[in-house]
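Colleague: I'll drop the sequence and a predicted model, then ask my questions.
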Number of protein chains: 2
Amino acid sequence: MLPRIVVAGNGQLGQMLQQAGAPMQLQVKPVEPNQDIEVALHDDDVITVEIEHWPDTVTGLQLKNHPNFRNASALHAVIDRQRQKSLLDRLQVPTAPWVVLESENELSEKLESLGERAVVKRRRGGYDGRGQWRWQRGGEIEAEWAGTCIAEAMIPFSHEVSLVGARNAKGEKVFYPLTRNWHENGILRASVAGIPVPEIQQQHAQEWLSRIMDDQDYIGVMAMECFVVDGDLLVNELAPRVHNSGHWTQEGATISQFELHLRALAELPLITPEIKGVSVMYNLLGRNWKPEWLGIDGVHVHWYGKSLRPGRKVGHVNINRPTVEQLKQSLSDLRERVDDEDKIAFNWSLDQL
Amino acid sequence: MLPRIVVAGNGQLGQMLQQAGAPMQLQVKPVEPNQDIEVALHDDDVITVEIEHWPDTVTGLQLKNHPNFRNASALHAVIDRQRQKSLLDRLQVPTAPWVVLESENELSEKLESLGERAVVKRRRGGYDGRGQWRWQRGGEIEAEWAGTCIAEAMIPFSHEVSLVGARNAKGEKVFYPLTRNWHENGILRASVAGIPVPEIQQQHAQEWLSRIMDDQDYIGVMAMECFVVDGDLLVNELAPRVHNSGHWTQEGATISQFELHLRALAELPLITPEIKGVSVMYNLLGRNWKPEWLGIDGVHVHWYGKSLRPGRKVGHVNINRPTVEQLKQSLSDLRERVDDEDKIAFNWSLDQL
Ligand SMILES: Nc1ncnc2c1ncn2[C@@H]1O[C@H](COP(=O)(O)OP(=O)(O)OP(=O)(O)O)[C@@H](O)[C@H]1O
Ligand SMILES: Nc1ncnc2c1ncn2[C@@H]1O[C@H](COP(=O)(O)OP(=O)(O)OP(=O)(O)O)[C@@H](O)[C@H]1O
Ligand SMILES: [Mg+2]
Ligand SMILES: [Mg+2]
Ligand SMILES: [Mg+2]
Ligand SMILES: [Mg+2]
């Protein structure tokens, strides 16, 4: 009755999609695309991704060439920052001013055209802030940027937010409220959701993400990262998949981003997510969780079963409480019980409430 | 770090325990005990059950003889209705008056001692109302009852409720509010939770279940089914495991009965469950679910992946909404979309709100 959902990629996002499908016995099978073996796919499987690109291996090509491989167009557009920024420009979605860095001898001219400071980003393959350099007028320029990078004006944002939305084959779309995110060194440390959001920001974000998803005939969940500048938004980048800044929806909404993604792919009804109370998501970067955390009201540990490596995303903790006051209490309690280096994530979260 | 939890039994309860453990990578492995093969158990596995008894097969004995097999004493007490009723009597927990049916020639005398009407129940192996007979004065008596059954006075209850609670090795205990249950032909059709409960009933139920769990040094979730008579409770029976009348906790509480059971077994902190809004649980008995149900706010389908057989529990639907009014709306919407024979479950649920 329901198709099997095959996920290209073998990480935590596929795992959490699998967990979201389990209660209704919607089968979700993560597949590592970077291998040269023939995997068993059915004709009526639906193929989705948790990573944005992979090599043309035997498995990789099998996935891409499957008749039900979804969102090839959006992936093509997003996987290269030059194409992604061009898409945003074409759809008149405001984004940080940018240039392509082509030939070596125009590098400084191009960078200077962006102002005093810029962020240089590799066109392909970067995530968690990898493949990025900060440049400022008079600063060092690396020859390897030419032909492989774009540069963006450094945006003096007051904070960062993201919109997670879903679209189905009929073009129906639903959205969560904007989530407030804190990145450190390009990597997401914490998110806060369920706090008031300026209406104009929510409205613009939904308009823009709708425009993008409709343009790409997109099916499933897409996330859009934004900078808040002068009370309005500039789009930073798109993620054509479930997204770390949407993890709070596992306990913080009537339907999680994972279930929404599956429903869209399996042609099950979408519903507008309702928000339950207030939530904080805190990423476990290279550190283990502690059983005593579970004694704190509203704490939900999500562990990915990976080995620990410094800075590696190995899990996250959702803290969901009915009211801001109760959430503050749980956050304060939890702050006492995390490693010193992580207390800062709680200080930031508490500051947002 | 966490022990693996091995579940004796291969049905939906083990499946849902597995789902509850997945987010924190707590491994849950259901094992069919009724087979003569040697299964691979680890010394530090913790063994729990989703069924109450099984034959002394190779696997069955392996499970029972494992050093971390939990709640052997409670299982021993509960598995035979004579022992179970004696336990309740010994602990002064009020229960329906009862007799053991021993020799054939005292059957009618014993039954008549209970009043006008009685329920004859096989001492072992009955569930979902199987192995039960209704008797009334002057009615037929079956010889096979002698030596295999108990009989209980027929209780003219106004309705049925159940208490689900958990206890850990330290003796800490937590409880959900009483759930109101509707059985038809001995099988649970629907539950309602999150509606007001008379304090005296909640208090008595918790006292009694505490007494039972403490007496048995019980670890994990136990359910206690009760009749409401004249505003107070009489205990019907005990289930030393997660229970169908606790399924609403999957979306209706801050922690589900399945996670509580796992936490108690894995020596993780228990927390007092907080109730989210109002919930109805509706059992799918021998019928499939319909995708359109998912378009109704608050509807969560749990499907067990079993083949359909008339009357077989093949899934359940939890309907959780923040307010009674919203729940009524969702129930009315869902009632329109279920098979005619099932509308009665919605009528009953709506009557309780
Ligand atoms: N133009 C910019 N101006 C200011 N800060 C920026 C800019 N671009 C990126 N950043 C900062 O760096 C972070 C990471 O940048 P970006 O989202 O482009 O990287 P990524 O590696 O693709 O991240 P992700 O893991 O979200 O895919 C942003 O969240 C923001 O904090
Ligand atoms: N003494 C009684 N008086 C009135 N009704 C009774 C009595 N005993 C049982 N019933 C009715 O029959 C139902 C099933 O009885 P009981 O719970 O003993 O059976 P079971 O087969 O063990 O059920 P379960 O599937 O819950 O284990 C009860 O929920 C109640 O509705
Ligand atoms: Mg990115
Ligand atoms: Mg980013
Ligand atoms: Mg029973
Ligand atoms: Mg019963």
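Modeller: Arrived safely, thanks for sending. What you are looking at is a predicted structure, and each value in this text was computed from that prediction instead of being measured. Ligands and ions are numbered 1, 2, ... in the order given.
Colleague: Can you report how many residues neighbour the nearest residue in space to A:Y304 that is not next to it in sequence?
Modeller: Leaving aside its chain neighbours, A:Y304 sits nearest to A:Q12 (4.0 Å; criterion: C-beta to C-beta, 6 or more residues apart in numbering or on different chains). Using the backbone N, CA and C atoms, a C-beta is placed for each residue, glycine as well. Applying other C-beta atoms under 10 Å in any protein chain shown, we find 22 residues neighbouring A:Q12.
Colleague: quick one: contacts for A:Q12?
Modeller: A:302, A:304, A:306, A:313, A:315 (C-beta atoms under 8 Å, 6 or more residues apart in numbering or on different chains).
Colleague: Can you read off the pLDDT for the residue of chain A positioned farthest from its centre?
Modeller: Here chain A reaches farthest from its C-alpha mean at A:N105, the gap being 34.7 Å by C-alpha atoms, centre = their mean. Note on A:N105: pLDDT of 91.
Colleague: what about it, which SS state?
Modeller: Secondary structure, DSSP: H, G, I helix; E, B strand; the rest coil: A:N105 is helix.
Colleague: Within range of chain B, give me the residues from the stretch 1-150 of chain A.
Modeller: A:1, A:18-19, A:22-25 (C-beta under 8 Å from any C-beta of the partner chain).
Colleague: ok, now with 7 Å
Modeller: Proximity of the stretch 1-150 of chain A to chain B, by C-beta under 7 Å from any C-beta of the partner chain, involves residues A:19, A:22-25.
Colleague: Tally up the residues packed near the closest residue in space to A:L233 that isn't next to it in sequence, please.
Modeller: Residue nearest to A:L233 in three dimensions, not counting chain neighbours: A:C226, with 4.3 Å by C-beta to C-beta, 6+ apart. Counted by other C-beta under 10 Å, the residues lying close to A:C226 total 27.
Colleague: ok so, going back, which pLDDT value does the model give the residue nearest to A:Y304?
Modeller: At A:Q12, the pLDDT value in this model is 98.
Colleague: do A:W289 as well
Modeller: 97.
Colleague: Which element, helix or strand, includes the residue nearest to it when sequence neighbours are not counted?
Modeller: By the measure of C-beta to C-beta, 6+ apart, the closest residue to A:W289 outside its immediate chain neighbours is A:V301, 5.0 Å from it. Using DSSP states H and E, A:V301 sits within strand A:299-303.
Colleague: Give me the sheet partners of whatever helix or strand comes next after that strand and which way each runs.
Modeller: Moving toward the C-terminus from strand A:299-303, the first helix or strand encountered (DSSP H and E) is strand A:313-321. Sheet pairing here is set by DSSP bridges, and for strand A:313-321 it gives strand A:278-285 (antiparallel), strand A:299-303 (antiparallel).
Colleague: list the buried ones in the first one?
Modeller: Across strand A:278-285, burial judged by 16 or more other C-beta atoms under 10 Å in any protein chain shown covers A:278-285.
Colleague: quick check, nearest of the residues you listed to ligand 2?
Modeller: Set against ligand 2, the nearest of these by C-beta to the nearest ligand atom is A:S279 (36.7 Å).
Colleague: Not counting sequence-adjacent ones, nearest residue to the residue in the stretch 101-250 of chain A that chain B sits nearest to?
Modeller: Closest residue of the stretch 101-250 of chain A to chain B, C-beta to the nearest C-beta: A:Q250 (7.6 Å). Distance criterion C-beta to C-beta, 6+ apart; nearest residue to A:Q250, sequence neighbours excluded, is A:S256 at 4.7 Å.
Colleague: same check, this time on A:H261
Modeller: Ranked by C-beta to C-beta, 6+ apart and with sequence neighbours excluded, the top spatial neighbour of A:H261 is A:V221, at 4.0 Å.
Colleague: Output whatever helix or strand the one you found lives in as CSV - backbone C-alpha positions only.
Modeller: Applying DSSP H and E as the criterion places A:V221 in strand A:220-229. Only the C-alpha atoms of strand A:220-229 are listed here, as CSV (Å, rounded to 0.1, in the frame of the first residue of the first chain):
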residue,chain,number,x,y,z
GLY,A,220,9.3,16.8,0.4
VAL,A,221,10.9,19.0,3.1
MET,A,222,13.2,21.9,2.2
ALA,A,223,15.0,24.2,4.5
MET,A,224,15.9,27.8,3.9
GLU,A,225,18.6,29.5,6.1
CYS,A,226,18.3,33.2,6.5
PHE,A,227,20.0,36.2,8.0
VAL,A,228,18.0,38.8,9.8
VAL,A,229,19.1,42.2,8.8
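Colleague: what lines up beside that strand in the sheet?
Modeller: If you go by DSSP bridges, strand A:220-229 pairs up with strand A:159-167 (antiparallel), strand A:232-239 (antiparallel).
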